[in-house]
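Q: Next one to model:
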Amino acid sequence: MREDQMDKALRSLPSDSDSSRLGTCMAVSLNQRPLGFADVNIDIDNARKVLGMAKIIDRSSKWIAGTDILVQTGDIVDRGTLALDIYRMMQDLRGQASAAGGEVVSILGNHEVMNAIGDWR
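A: Got it, this is the predicted structure:
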């Protein structure tokens, strides 16, 4: 991913990734499933498979999880050309989840931070 693409991706992160929410708790009702999802590392095909098996998305990558909460715990990206596709998918899911009464929460992992500061090792 080029530096300008990463800058744009980071600027487009939703307000739920804002540091003002650090240390806050989420209320989860009994009719919601909290689901954790980590280390995608730009493997969009496997990400779709995992989210499909968990009944989060359908075959068209559309949110089907109703009021459930998906917490993406970082490392969406690693290296490669599919990072923007992953970010777009997560952003689309965030909007679809919200419309259905669910939520997608993204947390920055070490790969996002390394890319943001230009550490390309």
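Q: What are the boundaries of the helices in this protein?
A: Secondary structure of the chain by DSSP state H: the helices cover 3-11, 44-53, 83-99, 110-116.
Q: which one of those helices lies closest to Asn31?
A: helix 83-99 (14.6 Å; Cβ to Cβ). Every C-beta, even on glycine, is put in place using the N, C-alpha and C of the backbone.
Q: For that closest one, list every residue counted as buried.
A: 83, 86-87, 89-91, 93-94, 96-97 (16 or more other Cβ atoms under 10 Å).
Q: again, but for stretch 38-54
A: Quick answer for stretch 38-54 (16+ other Cβ under 10 Å): 40-42, 44, 47-48, 51.
Q: Arg48 touches Ser61, doesn't it?
A: Yes: with contact defined as Cβ atoms under 8 Å, Arg48 reaches Ser61; the gap is 5.9 Å.
Q: Identify the contacts common to the two.
A: Residues touching both Arg48 and Ser61 by Cβ atoms under 8 Å, 6 or more residues apart in numbering: Met89.
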